[in-house]
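Here is my input; please provide its structure:
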Amino acid sequence: MDCDPSDRQPAHRAAQLSHSYSLFAPGDATAPKVCRDFVRSVLLTLGHGQLVAAACLCTSELVTDVHLHTKGEAMMRLLVRPLLVRVSVFDESPALPVLRPLGQVECYGRGLTLVAETADRWGVAENTAGRHAKGVWFELAGGR
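A predicted model of the protein is given here:
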């Protein structure tokens, strides 16, 4: 039985639209997986399966940074367009992220470097989002 009329939209229609989602995640160890699974589900649903691995890696790294380096919740925004996926992760700390050189031998601190190497573009948001003091974003080209 078909209960949701939106399920009957032609598949090509979803590829023509912009979709925007927001998710609030608590500042605990479950947040990276919840956000990663959310991004995976949305991208697969909207026909961007080729971007799932890179998007999940980058999302996980940004949300993990919130969990490790701040005390508050993470707010994630996901924008999906036909040729672009953008994920922004906001937190309550005003401290800017630090991109560490690859030559270091520590077992931690490589998350932002992984984002920089994986994403097509990344940066720090120019504005805040409510009580969230800063945001870090990445983009992946979704050419289909």
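
Contacts for the host helix or strand of residue 39 next, please.
Assigned by DSSP states H and E, residue 39 falls within helix 31-45. Under the contact criterion C-beta atoms under 8 Å, 6 or more residues apart in numbering, helix 31-45 has outside partners 14, 19, 21, 23, 25, 49, 51-52, 55-56, 59-60, 63-64, 66-67, 73-74, 76, 78, 80, 85, 87, 89. Every residue, glycine included, has its C-beta placed from N, CA and C.

So which of the residues you listed sit within helices?
If you go by DSSP state H, the contacts of helix 31-45 have 14, 52, 55, 56, 59, 60, 63, 64, 66, 67 in helices.

Select only the buried ones of the residues you listed in PyMOL?
Buried residues among those (16 or more other C-beta atoms under 10 Å), as a PyMOL selection:
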select buried, resi 52+55+56+59+60+63+64+66+67
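
With respect to residue 96, which of the ones in helices among the contacts of helix 31-45 is nearest?
Of all the ones in helices among the contacts of helix 31-45, residue 96 sits closest to residue 66, with 13.4 Å by C-beta to C-beta.
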